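Trainee: My questions are about this predicted structure, shown below with the sequence.
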Amino acid sequence: MSTQRTPAAAQWMRAIDVAELRARGRGVVRLGSRQIALIVDAREATQRVYACNNRCPHEGYPLVEGHTSPQDGGCRLTCNYHNWAFDLASGDNVYGGDRLRVYPVELRDGAVWVDLAEPPAAERIAAAHDALREARAEHDYARIARELARLERLGADPRDALRAAIVESHDRLEDGMTHAYAASAAWLRVRGDVERLTPGGDDASELRLICLQEAIGHIAWDTLRAPRYPYTDTCAAYDRATFAGAIEAQDEDAAIGQLHGALAAGLHVDDLDDALAGAALAHYADFGHSLIYLQHVRYLIAELGEQVEAPLLRPLVRSFVRATREDLLPDFRAYAPALASWPAAFGRAAGPVTVDGGLPTRALLEQVVALAARCTPQALYVALLHANAVNLACFDTRFEQHAASKPGEDIGWLDVTHGITFAHAAREQCGRTPALWPQALLQMALFVARNRDYVDTTLAPPPVDAQRFARDGLARVLDHGVGLYIHSAHLLKTWLAARDELALGLPDAVAATLRAGAWRYLVTPVKQKHTRRAARLALAFVARED
Ligand code: FES
């Protein structure tokens, strides 16, 4: 990066006598609030003097203690603590990460003068965005945090960094969506909570920063070293049925062409909501991700604006096209007939109603269809939410821990958390598009049935009061200590989903189970990696290849 900058009003300050500095070779002076390192390059005939911030931009150790070496006819300064190296003329980082702040120097009247004028804020903001792009490219988490902190300190809107991350990463996702964008929406919501819950608090800025560094860190991780997977640039006149047909036919180019046509015609995500939700629920697909992703994409577009609309809708549509259609698997083939037998109208009973979460898939779907004729979708929704909450509260973690699972039985916490996050997305979606209640409710039932063999209903997790769930839950998701983003993202999204559903005013028993289940998930260490299971499955699989 060049040090060329817009001229600003110079602030020359006298630093030290030239003779004294040359005699010592280097030194540190305090000018205003800054500690400036002054370094003489004795190798140059002119004995050029360089000035830079004495704090290493890595961890702050004193650069005056560093060592110098030739650098393209100039001078390289290497910090002795972790070997970061800088071109002293430009401040460019030669090895490491952040740039070094260097200052113009003049020698006059026998003294060293240093210009302390800062570049204009707009220039520094642009530089922080450039640096953030570099940090994202390497998933340099600490640097991502520092550059975001710089943006905040400069008075910039740090959400611009998230906008840029989405725009610049959206065609690097082979399957179209990952949890990174969905989690970004959840982090933005939590960021808003921090503003509301800790106004002016000492740690509010720290908590706000966590939200953005996690969001951008996750995007950086999911696109690390990924090539571009370009989208078609075709644009076809939008037609809802053609759009749905292209997704159903798993024809990405046709579906994206339709999307482009819709956007070119001035339509926005709200106008497409109905069609997108219909496509998301057309199958029991991809573990419910399609609808969950649509929910989060809508939130991101509402928060970040039109700039991210196309960059989010393209990967969303690609993910719909590529979604695994689980209703084609034997376990879930009862879904289509159950949907076909759905009654013409919902009943009027507002509840309470219960479903039997211990029933096998077909029987449970039949029970849900029968109940639909008697009760409202909301009552049935609460019953199915309760059954999914029981699965969460009573998940038998031995299934996650053991190494001897068979293929298809590699069950973990994420299997049961999706029952809650899908329910959350389904309830919000059907509030806007009630015609989709049958699909949403039956798919909630499929989550109940698929997890029923992995719960121990004799478990009774301790109750958690509402205040603790909200307050300590926020603290837990912010300081999660979880290494893999996929797991921290699920902690966050499950807690938020549960919190939103609890805010609806659920019946006491349902609320207590949901709180206890979500809390149990929040505080139970997740087994993030299965070394023995992977090895055991591989050996068993390969042994049957001959
Ligand atoms: S503090 Fe200078 S390289 Fe780490």
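Mentor: Yep, it's here.

Trainee: From here on, just use CA atoms for contacts and neighbour counts.
Mentor: Will do.

Trainee: What values do phi and psi take at residue 104?
Mentor: Torsion angles at residue 104 (phi, psi; degrees, to the nearest 10) stand at phi -60, psi 140.

Trainee: what's near enough to touch it?
Mentor: By Cα atoms under 8 Å, 6 or more residues apart in numbering, the contact set of residue 104 is 50-51, 114-116.

Trainee: Which single one of the residues you listed is nearest to the ligand?
Mentor: Using Cα to the nearest ligand atom, residue 51 comes nearest to the ligand of the contacts of residue 104, at 16.4 Å.

Trainee: Residue numbers of the protein in contact with the ligand?
Mentor: Applying Cα under 6 Å from any ligand atom, we find that the chain lies next to the ligand at 56, 58-61, 79, 81-84.

Trainee: Tabulate the residues you listed in CSV, adding columns for pLDDT, secondary structure and neighbour count.
Mentor: As requested, the residues of the chain next to the ligand are exported to CSV (pLDDT from 0 to 100; DSSP: H, G, I helix; E, B strand; the rest coil; neighbours: other Cα atoms under 10 Å):
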residue, pLDDT, secondary structure, neighbour count
56, 97, coil, 24
58, 94, coil, 19
59, 94, coil, 9
60, 95, coil, 12
61, 97, coil, 16
79, 97, coil, 23
81, 96, coil, 15
82, 96, coil, 13
83, 96, coil, 14
84, 97, coil, 20
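
Trainee: okay if I get these as a markdown table plus distance to residue 281?
Mentor: Formatted as a markdown table, the residues of the chain next to the ligand follow (distance: Cα to Cα, whole Å):
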| residue | distance to residue 281 |
| --- | --- |
| 56 | 53 |
| 58 | 48 |
| 59 | 49 |
| 60 | 52 |
| 61 | 55 |
| 79 | 56 |
| 81 | 55 |
| 82 | 52 |
| 83 | 53 |
| 84 | 51 |
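
Trainee: show me where pLDDT drops low in the stretch 301-450 of the chain?
Mentor: Low-confidence segments of the stretch 301-450 of the chain (pLDDT under 70): 405-408.

Trainee: count of residues packed around the residue of it found nearest the ligand?
Mentor: Residue nearest to the ligand within the stretch 301-450 of the chain: residue 304 (35.1 Å; Cα to the nearest ligand atom). Residue 304 has 16 neighbouring residues, counting by other Cα atoms under 10 Å.

Trainee: Show me what counts as buried in stretch 17-27.
Mentor: Buried residues in stretch 17-27, counted by 16 or more other Cα atoms under 10 Å: 18, 21-22, 26-27.

Trainee: Residue 334 contacts residue 363, correct?
Mentor: No - using Cα atoms under 8 Å, residue 334 is not in contact with residue 363, being 9.2 Å away.

Trainee: Neighbour count: the two, which is higher?
Mentor: Set residue 334 next to residue 363 and count neighbours by other Cα under 10 Å: residue 334 wins out with 19 against 15.

Trainee: re the thing from before, let me have the buried residues of stretch 17-27 in a markdown table, adding pLDDT and distance to residue 266 as columns.
Mentor: A markdown table is the format used below for the buried residues of stretch 17-27 (pLDDT from 0 to 100; distance: Cα to Cα, whole Å):
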| residue | pLDDT | distance to residue 266 |
| --- | --- | --- |
| 18 | 95 | 66 |
| 21 | 96 | 65 |
| 22 | 94 | 67 |
| 26 | 95 | 62 |
| 27 | 96 | 62 |
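
Trainee: Out of those, name the ones that lie in helices.
Mentor: 18, 21-22 (DSSP state H).

Trainee: Pop out the phi and psi values for residue 16.
Mentor: phi -170, psi 160.

Trainee: which residues sit in contact with it?
Mentor: 29, 111-113.

Trainee: Show me those residues that map onto strands.
Mentor: Among the contacts of residue 16, the ones falling in strands (DSSP state E) are 29, 111-113.

Trainee: Please identify which of the residues you listed is nearest to residue 280.
Mentor: Set against residue 280, the nearest of the ones in strands among the contacts of residue 16 by Cα to Cα is residue 29 (63.1 Å).

Trainee: is it true that that closest one touches residue 52?
Mentor: No - using Cα under 8 Å, residue 29 is not in contact with residue 52; the gap is 10.6 Å.

Trainee: Neighbour count: the two, which is higher?
Mentor: Using other Cα under 10 Å as the criterion, residue 29 and residue 52 rank with residue 52 on top: 25 against 15.

Trainee: Are there residues contacting both of residue 29 and residue 52? Which ones?
Mentor: Listed as contacting both residue 29 and residue 52 by Cα under 8 Å, 6+ apart are 36-38.
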